[in-house]
Structure formats: structure tokens, C-alpha cells
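Undergrad: Below are the sequence and a predicted model; questions follow.
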Amino acid sequence: AQKVTQAQTEISVVEKEDVTLDCVYETRDTTYYLFWYKQPPSGELVFLIRRNSFDEQNEISGRYSWNFQKSTSSFNFTITASQVVDSAVYFCALSEARQGAQKLVFGQGTRLTINP
Amino acid sequence: DAGVTQSPTHLIKTRGQHVTLRCSPISGHKSVSWYQQVLGQGPQFIFQYYEKEERGRGNFPDRFSARQFPNYSSELNVNALLLGDSALYLCASSSTVRRDGSQPQHFGDGTRLSIL
């Protein structure tokens, strides 16, 4: 079965520090997609990135970067020079496509608090 | 363009009652999915609909049902409410459903359901 593990329940850092959120996944599929979502207090899940299993290049978007390592089944997320507005719960998710349906399997989430 | 909209925002019910939650997808999106997020956990997949047909169902009892209308909006119904149904119910939409699971899903703010 598909499974996503985010071992860090909560992380608290001071503004401007770099922080890495860990994500480890399990799947039997050879082709799969991984996602990161941000959930601010309002509740909405905000899509951040999608990565397919064939592309192991790291991706950078501004202060955000993602490190995908198929050998260790990990898809880690780093925020550089963190800001208070980055405070939120972050979810890693694995897409499962079966019999015409597509669902996301989420990890437990990591609550990130950036202190001024 | 408006994002995914859900109503109501908050709802309080008592055990044994039933509830209907509503979702309007992003304009042009034909797929709607429902997720349940219990406090402190990641969202769990309940249903996916595409073009008014049920495409997938998660591990939820028959008390949970849903439907999608010709305008692609959707309702989630829960009968015989239990205390354990207290959660944030999230609706997500996507333009289509891809067999490889690559389609990003865009989420609404959710409906927070409390059962007394």
C-alpha cells in the first residue's frame, strides 16, 4: 500500500534560519507523482510542487527547494531564509491512480513555526 | 477566477443527525474529490467524481455518500453522525483525471464540522 511518512511533527525556528522538512514514501508503482502542499490556519491546502518519479533533478523556486532521491524514497523540502509568513502545516503527498481514480495519500504533516 | 468554494464554513450538529456539505469547483474543472481531515492528521480520501460518475471511494462507511451535478458542483452527505465524524472536510477540484496520477488537485478552505 502507498504510504507517506513525515517524521517531524513540529519544527520551530527563528526567522531567517534555513529549515528542511523530511518526507519518506512507500509505493510499489514504478511511475508515481509526489506533491507538497501548504496549509495555513485558514485551512486551504495550497499546492506548492509536483514531481514525477523519473525526474530526480532538484528544483528551486525562490526561497523554496526540493530534493528528490529515489534511492532513499525521499522528497525533502527546504525553506531558505525562513520568514514568519512561512508558518503553516506542510504536507507531503503521493498520488495513487487506480481504476480511473486518482487520490492523494498524505503524510501526517509537519507544523512549522517561524518565530520573529 | 474564483478558487474552489465550499459551504458552509462551519457547522455544528449532534449525534445521529445528517449533514450536507457543498462544493463548487474551479471553473472548467470536471473532477471533484472529497477528503476528511481529523485534527492533527493528514487528509484522508473519501470520494472522487468525474463527469458526474463516481471514480473512486476511500475506506469510509456507507453513511458517507456524494454526488456531482451537471454543473460539476458536488455534495457530500453524511448520515447518522458520530462524534468521530468531527473534522475538516476538504473539497478538491482538478480539470481532469489522469491515468498516471499526475493531475494536481486544488483545494478549498474546507467545512469544519463539529459533532456534539
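TA: Everything's here; your move. None of these values were measured; they are calculated from a predicted model.
Undergrad: list the contacts for the residue lying farthest from the centre of chain A?
TA: Distance from the C-alpha centroid of chain A peaks at residue A:99, with 25.7 Å (C-alpha atoms, centre = their mean). By C-beta atoms under 8 Å, 6 or more residues apart in numbering or on different chains, the contact list for residue A:99 reads B:55-56. For the C-beta atoms, the positions are set from N, CA and C on the backbone; glycine is no exception.
Undergrad: And residue B:101, by the same measure?
TA: Per C-beta under 8 Å, 6+ apart, neighbours of residue B:101: A:32-33, A:95-97, A:102.
Undergrad: go with 6 Å
TA: A:33, A:95, A:97, A:102 (C-beta atoms under 6 Å, 6 or more residues apart in numbering or on different chains).
Undergrad: Am I right that it is in a strand?
TA: No - with DSSP: H, G, I helix; E, B strand; the rest coil as the criterion, residue B:101 is coil rather than part of a strand.
Undergrad: which non-adjacent residue is nearest residue B:6?
TA: residue B:108 (4.1 Å; C-beta to C-beta, 6 or more residues apart in numbering or on different chains).
Undergrad: The one you found contacts residue B:8, doesn't it?
TA: No - between residue B:108 and residue B:8 there is no contact under C-beta atoms under 6 Å: 11.9 Å.
Undergrad: Of those two, give the one with the bigger neighbour count.
TA: Set residue B:108 next to residue B:8 and count neighbours by other C-beta atoms under 10 Å in any protein chain shown: residue B:108 wins out with 23 against 12.
Undergrad: partner residues bridging the single nearest residue of chain A relative to chain B?
TA: Closest residue of chain A to chain B, C-beta to the nearest C-beta: residue A:101 (2.7 Å). On the basis of DSSP bridges, residue A:101 is bridged to residue A:98.
Undergrad: shouldn't it be in contact with residue B:50?
TA: No - shown here, residue A:101 and residue B:50 do not form a contact pair, counting by C-beta under 6 Å, at 8.1 Å.
Undergrad: looking at this, residue B:41 is in a strand?
TA: No - Residue B:41: not assigned to a strand; according to three-state DSSP it is coil.
Undergrad: tell me the contacts of it?
TA: Here residue B:41 is in contact with residue A:108 (C-beta under 6 Å, 6+ apart).
Undergrad: Where does chain B get nearest to chain A, which residue?
TA: residue B:56 (2.7 Å).
Undergrad: How about the residue most central in space within chain B, nearest residue that isn't a chain neighbour?
TA: The residue lying closest to the centre of chain B (C-alpha atoms, centre = their mean) is residue B:34, at 2.7 Å. Excluding its sequence neighbours, the residue lying closest to residue B:34 (C-beta to C-beta, 6+ apart) is residue B:46, at 4.2 Å.
Undergrad: Any buried residues in the helix or strand where residue A:90 lies, and which?
TA: Assigned by DSSP states H and E, residue A:90 belongs to strand A:88-98. Residues A:88-97 are the ones in strand A:88-98 that count as buried (16 or more other C-beta atoms under 10 Å in any protein chain shown).
Undergrad: counting contacts, what elements does the helix or strand bottoming out on mean pLDDT in chain A pack onto?
TA: Here the helix or strand of chain A ranked lowest by mean pLDDT, DSSP states H and E is strand A:59-61, holding a mean of 84. Judged by 3 or more C-beta pairs under 6 Å, 6 or more residues apart in numbering or on different chains; DSSP states H and E, strand A:59-61 is in contact with no other helix or strand.
Undergrad: All good on my end, thank you.
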